[in-house]
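*Asks:* pasted the sequence and its predicted model underneath.
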There are 2 protein chains.
Amino acid sequence: MDASESASLTSLTAPPDPIGIVAGWGSFPLEVARDLRDTGHRVIIAALRDHADPALQQYASDMQWFGVLKLGRQIRYFQRHGVRSVILAGKVFKHRILYHGMGWMGHMPDWTCVQAFREHFISRTKDGRDDSLLTAIVAAFENKNMRVVPITQCGPRLLAETGCLTHRRPSSAQMRDIAFGWQIARQMGRLDIGQSITVKDQMVLGVEAIEGTDALIDRTGQLCPRGRFTLVKVAKPQQDMRFDVPTIGVRTVEQMRRAGGTVIAIEAGRTIFVEREETLRLAQRAGIAIVALRQAGMHLLCDRWSLPLAGPQDHAAESTSTASHPAPPIAPSADAASGQPLRDRHQRAA
Amino acid sequence: MDASESASLTSLTAPPDPIGIVAGWGSFPLEVARDLRDTGHRVIIAALRDHADPALQQYASDMQWFGVLKLGRQIRYFQRHGVRSVILAGKVFKHRILYHGMGWMGHMPDWTCVQAFREHFISRTKDGRDDSLLTAIVAAFENKNMRVVPITQCGPRLLAETGCLTHRRPSSAQMRDIAFGWQIARQMGRLDIGQSITVKDQMVLGVEAIEGTDALIDRTGQLCPRGRFTLVKVAKPQQDMRFDVPTIGVRTVEQMRRAGGTVIAIEAGRTIFVEREETLRLAQRAGIAIVALRQAGMHLLCDRWSLPLAGPQDHAAESTSTASHPAPPIAPSADAASGQPLRDRHQRAA
């Protein structure tokens, strides 16, 4: 954590400073907003049309709806409310904006937005990867003296902790699939393509790009009607905790249940676990195991089964993660049904 | 090319020696069989049930149907016909075998097959990636003194040559997408996940794993209904030309047309181009550009647009390719409609 981040942390802990949320799709913005309100902050929400949940209203001191590409209007709205710290929460579906209907021109970007993305979509000197686009958004806020705050600083309770979070634990073969898939998912992340892959029997069944994790799970269910596959969802090695942090929740478990998947492996400390209680309850009922592991422990898991490490590796400290102490991987249980949850505290109210 | 490969080349050029083909899905086995028959070989075909095309019969001196997992029977069949050189041609859908119905046990592998894959599916000390599985098959043939021959030695005419193969040429923006996508597709290949990706505006739309290229194109069409995307299909850096060589043909172009894709980029010298004449005719009619490039020329293309190279690169010689001389990349035409085909000889009868 550098000095500037500490500064924003200080400003976050001082109650009178309002926090802005740019709210995209899913329940993550809801949890962030509730969390902030519960800790005494005034929450100013720029809700993205066709993406955000209207239920956000209940946690907001003020809320207004914006087109996704009205970046200048969002910034001016926050300025009017004295917002200095902004959180980007929830997925934005870029293919819906770019390739449906009239494309991004159909969404009528405002001038600030055109300027921010000029190099991506007009002069084409920059590519269209998530990191590239989001960096442009962060720069637009910074130009107006607003700081985009990493999620680790405002909702650490939302991040998954290391351990097996369900009663059901992965079998030995499934742990091997996790270790195998983890290496590959991380490579995908390094290339900034997607965050998730599905694996069975040390075989990659599917890889996520812009279609999203739900579509990946659905497709895997069709390719593998006998189910019992594993979803591995990890942060990018270069993950910037200010945006695009991997998230799981009720929807992930429901999709997995429908598709016949049995294990969800996520990266501890760098994955947002929304609707935790309800998600775990659903997983228990569906017999799905959820485990949160750390990159730092992964080579132990690979050593255990003499798994080759796929591609170039980095075991370097996860510089963008706030919780950087390595934790040992979970030992698999021979009998998948017998295990007890390692950490009951995961099942407390979020 | 090492000494043993030269030896097999010699044996291939001696007409009386019969060639065995293990024929999987698609029209590639048909072309190989016709090619071999036309050059005076006796062709002995082990046709894989639920995969191979019955039309193979017309080119075969002898043909018999086998379950995919009857490896021992296939070997004994070839032995009875005096086959010393075997070609593996055409895709085998491993998910159909492994995950549908009763799985691979339902296919009743014979003893040779069980032995060959023991480490993959019983002791689980090896993974289920294509290279890993195919190496086991090659070893089973070699145990019986049969050589698995790289496709470059029996059907070099089937490999795509460098150049723009259609009248329609990619626009400048599309060439940039090719260069961008190429780097990423190559990384996927390195990890032995899949061979194809779809790209638009320097954005990865989809990545292929076990679902196959057709399903990838189809999905991309849904994600991007406005179409005009590029398919990049490259060989693996570690491509073994004995198996799993990337292939395009009529089906690829038809899928692209339906999905609204406009450019197909393949790797020259390492991609099999089946039904060439008919494929090019279809592509012309659909306004789809087909270009074949070489890895060796790719950095020039990246330099041209100051594209970052994604991930670790190798510009090393393509050791498994038989045609290793580098060729310059194609210059894009500003007006996509004006270009003439670079090499008319591509349009001769295959």
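*Replies:* Noted; the coordinates are in hand.

*Asks:* all the helices of the stretch 201-350 of chain A, residue numbers only.
*Replies:* For the stretch 201-350 of chain A, applying DSSP state H, counting those that start in this stretch gives helices covering A:213-223, A:250-259, A:276-286, A:295-304.

*Asks:* out of those helices, the one nearest chain B is which?
*Replies:* helix A:213-223 (5.1 Å; Cβ to the nearest Cβ). (Each C-beta comes from the backbone N, C-alpha and C, glycine too.)

*Asks:* touching chain B at all, the closest one?
*Replies:* Yes: Helix A:213-223 reaches chain B (Cβ under 8 Å from any Cβ of the partner chain) through A:215, A:219, A:223.

*Asks:* got a markdown table for the helices of the stretch 201-350 of chain A, with mean neighbour count and mean pLDDT too?
*Replies:* Putting the helices of the stretch 201-350 of chain A into a markdown table (neighbours: other Cβ atoms under 10 Å in any protein chain shown; pLDDT from 0 to 100) gives the following:
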| stretch | mean neighbour count | mean pLDDT |
| --- | --- | --- |
| helix A:213-223 | 21 | 94 |
| helix A:250-259 | 21 | 96 |
| helix A:276-286 | 18 | 95 |
| helix A:295-304 | 18 | 75 |
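
*Asks:* tell me which of those sits nearest to residue B:235.
*Replies:* helix A:213-223 (23.4 Å; Cβ to Cβ).

*Asks:* what sits against residue A:133?
*Replies:* By Cβ atoms under 8 Å, 6 or more residues apart in numbering or on different chains, the residues touching residue A:133 are A:94, A:117, A:120.

*Asks:* in what helix or strand does it lie?
*Replies:* helix A:130-143 (DSSP states H and E).

*Asks:* count the neighbours of residue A:18 for me.
*Replies:* Using other Cβ atoms under 10 Å in any protein chain shown, residue A:18 has 18 neighbouring residues.

*Asks:* just checking, it touches residue A:41?
*Replies:* Yes: shown here, residue A:18 and residue A:41 form a contact pair, counting by Cβ atoms under 8 Å, at 6.9 Å.

*Asks:* how about the nearest residue to residue A:287, chain neighbours excluded?
*Replies:* Nearest residue to residue A:287, sequence neighbours excluded (Cβ to Cβ, 6 or more residues apart in numbering or on different chains): residue A:168, at 5.7 Å.

*Asks:* and stretch A:235-244, end to end?
*Replies:* 9 Å (Cα to Cα, to the nearest Å).

*Asks:* buried residues, it. List them.
*Replies:* Buried residues in stretch A:235-244, counted by 16 or more other Cβ atoms under 10 Å in any protein chain shown: A:235-237, A:239-244.

*Asks:* and the average pLDDT for it is what?
*Replies:* Stretch A:235-244 carries an average pLDDT of 85.

*Asks:* what does stretch A:74-81 contact?
*Replies:* By Cβ under 8 Å, 6+ apart, the residues outside stretch A:74-81 that reach it are A:18, A:20, A:22, A:44, A:46, A:61-62, A:64, A:66, A:86, A:112, A:140-141, A:144, A:146.

*Asks:* how about 7 Å then?
*Replies:* Contacts to stretch A:74-81, defined as Cβ atoms under 7 Å, 6 or more residues apart in numbering or on different chains, come from residues A:18, A:20, A:22, A:44, A:46, A:62, A:64, A:66, A:86, A:112, A:140-141, A:144, A:146.

*Asks:* what do you get for stretch A:54-70?
*Replies:* Residues outside stretch A:54-70 that contact it (Cβ under 7 Å, 6+ apart): A:18, A:23, A:29-30, A:33-34, A:37, A:42-49, A:51, A:73-74, A:77, A:81, A:92, A:97, A:104, A:107-110, A:113.

*Asks:* just the buried residues from those, in PyMOL please.
*Replies:* A single PyMOL command is used to select the members of those judged buried by 16+ other Cβ under 10 Å:
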select buried, chain A and resi 18+23+29+30+33+34+37+42+43+44+45+46+47+48+51+73+74+77+92+97+104+107+109+110+113
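
*Asks:* up against chain B, what does chain A have?
*Replies:* By the rule Cβ under 7 Å from any Cβ of the partner chain, the part of chain A lying against chain B is A:95, A:99-100, A:103, A:124, A:127-129, A:173, A:176, A:180, A:184, A:187, A:190-191, A:193, A:201-207, A:209-211, A:219, A:223-226, A:310-312.

*Asks:* and these, which are buried?
*Replies:* A:95, A:99, A:124, A:127-129, A:173, A:176, A:180, A:184, A:187, A:190-191, A:193, A:201-207, A:209-211, A:219, A:223-224, A:310-311.

*Asks:* show me where the stretch 201-350 of chain A has its strands.
*Replies:* Taking DSSP state E, counting those that start in this stretch as the test, the strands found in the stretch 201-350 of chain A are A:203-207, A:230-233, A:247-248, A:263-267, A:272-273, A:289-293.

*Asks:* report all helices and strands that the fourth one contacts.
*Replies:* Going back to what we said before, that points to strand A:263-267. helix A:172-190, strand A:230-233, strand A:289-293 (3 or more Cβ pairs under 7 Å, 6 or more residues apart in numbering or on different chains; DSSP states H and E).

*Asks:* give me the buried subset of the contacts of residue A:133.
*Replies:* A:94, A:117, A:120.

*Asks:* mind checking pLDDT for residue A:326?
*Replies:* So residue A:326 comes in at 37 (pLDDT).

*Asks:* residue A:158 too?
*Replies:* Reported pLDDT for residue A:158: 83.

*Asks:* quick one: it and residue A:273 touch, right?
*Replies:* Yes: counting by Cβ atoms under 7 Å, residue A:273 is a contact partner of residue A:158 at 6.5 Å.

*Asks:* can I get the buried residues of stretch A:235-244 in TSV with distance to residue B:269?
*Replies:* Formatted as TSV, those follow (distance: Cβ to Cβ, whole Å):
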residue	distance to residue B:269
A:235	38
A:236	34
A:237	33
A:239	38
A:240	40
A:241	44
A:242	44
A:243	41
A:244	38
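
*Asks:* kindly indicate which of these lies nearest chain B.
*Replies:* residue A:237 (11.0 Å).

*Asks:* hmm, back to that, wait, is the residue nearest to residue A:287 part of a helix?
*Replies:* No: applying DSSP: H, G, I helix; E, B strand; the rest coil, one finds residue A:168 to be coil, outside a helix.
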